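Q: Can you look at this prediction? I've put the sequence above it.
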Amino acid sequence: MTTIGFIGLGNMGAPMAGNLVKKGFTVRGFDLVPANLEAGVTRGVIAAKSSADAVATADVVVTMLPAGRHVLSVYGDTLKAAKLGTLFIDSSTIDVASARTAHEQASSHKMLSLDAPVSGGVGGAEAATLTFMAGGTDAAFAKAKPVIEAMAKKIVHCGAAGSGQAAKICNNMILGISMIAVAEGFALAEKLGLDKQALFDVASTSSGQCWAMTSYCPVPGPVPASPANNGYKPGFASALMLKDLSLAQEAAQTAGASTPLGALAAQLYRMHSGAGGADADFSSIITMIRGSKD
């Protein structure tokens with residue numbers, strides 16, 4: 001059976017690694033935070049002493065880390081320790097330039113590599129229903145697919161190196177903008193005396209329909225599973241949305257693309273996070289829009 005080295009056992013990484021264990025893979029994991037490593041162990045992950053130790057006997061390496069600099073640092077340590085031909089899958093959400101650099105580093109060590117960020121949040125990681133957006137060669141994607149399938153509901157090969165990260169930041173820019181629009185609509189409805197359920201019943205089945213409304217409605221009631229019904233407990237935190245919107249703006253500047261709504265969304269989420277909303281679900285942006293904390 002395939003042995004997997006898994007580096008980064010935080011809120012997303014631990015359940016992802018646990019799902020690999022459930023599917024019969026041997027998973028050796030490492031995280032710098034002892035509590036995260038213990039969380040992996042409780043899910044059946046074998047604790048490694050270091051990132052290099054985690055990958056030494058691995059056929060596949062999965063990384064789930066906070067930023068591009070962390071991924072490149074880990075690759076610097078692990079590419080030298082891994083067996084020749086090991087497949088490296090980075091499921092972190094990072095900038096496209098760092099993702100492409102990681103591919104170049106892997107290739108220079110004669111390793112296969114894939115950038116494969118995910119969508120679906122902690123709930124999707126727990127339920128193994130994540131969407132993976134993959135960038136890399138056909139050979140790398142084919143080898144990665146049986147591993148990714150243990151954690152995913154949908155897998156899309158988006159193209160060459162860096163394409164997975166490009167797809168992720170474009171998607172989340174759309175999501176961030178959409179959530180602000182939905183929040184503004186419900187905030188206006190409140191001021192006009194329109195019942196929130198009435199607005200939901202209309203907009204969710206007509207031209208205003210979008211995922212931000214039907215799955216993550218920012219007001220309590222219409223969508224029982226939305227974070228709005230649980231004190232805006234994430235879910236997907238506002239700080240993470242700000243990170244993705246910021247990555248999108250960096251990419252837009254590099255590519256010379258015009259994204260005025262994306263820029264405004266980043267500004268609004270920066271304000272919301274700075275005002276105490278960073279750890280709340282990103283749908284909590286409605287509290288800033290309506291000028292309240294409820």
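A: Perfect, I can see it now. As the structure is a computational prediction, the values presented were derived from the model and not from experiment.

Q: so V21 makes contact with G44?
A: Yes - look at V21 against G44 with CB atoms under 8 Å: they come within range, at 3.7 Å. For every residue, glycine as well, the C-beta is placed using N, CA and C.

Q: Which residues are in contact with I148?
A: Residues in contact with I148 (CB atoms under 8 Å, 6 or more residues apart in numbering) are 89, 116, 132, 134, 155.

Q: The second one - nearest residue in space that isn't next to it in sequence?
A: In other words, A116. Residue nearest to A116 in three dimensions, not counting chain neighbours: A134, with 4.4 Å by CB to CB, 6 or more residues apart in numbering.

Q: which SSE is the one you found in?
A: strand 130-136 (DSSP states H and E).

Q: Grab the longest helix from this protein for me.
A: Assignment by DSSP state H gives helix 163-192 as the longest helix of the chain.

Q: Name the residues of whichever helix or strand comes after that helix that are buried.
A: Once the chain leaves helix 163-192, the next helix or strand it forms, by DSSP H and E, is helix 196-203. Of the residues in helix 196-203, 196, 199-200, 203 count as buried by neighbour count, 16 or more other CB atoms under 10 Å.

Q: Show the subsequent helix or strand relative to helix 196-203.
A: helix 211-214.

Q: element containing the closest residue to D201 other than its chain neighbours?
A: Leaving aside its chain neighbours, D201 sits nearest to P222 (7.9 Å; criterion: CB to CB, 6+ apart). Using DSSP H and E, P222 falls within no helix or strand.

Q: wait, what's in contact with P222?
A: 196-197, 200-201, 204.

Q: And it, how close does it get to A203?
A: According to CB to CB, to the nearest Å, P222 stands 10 Å off from A203.

Q: Could you check how far stretch 198-214 is from the centre of its chain?
A: 25 Å (CA atoms, centre = their mean, to the nearest Å).
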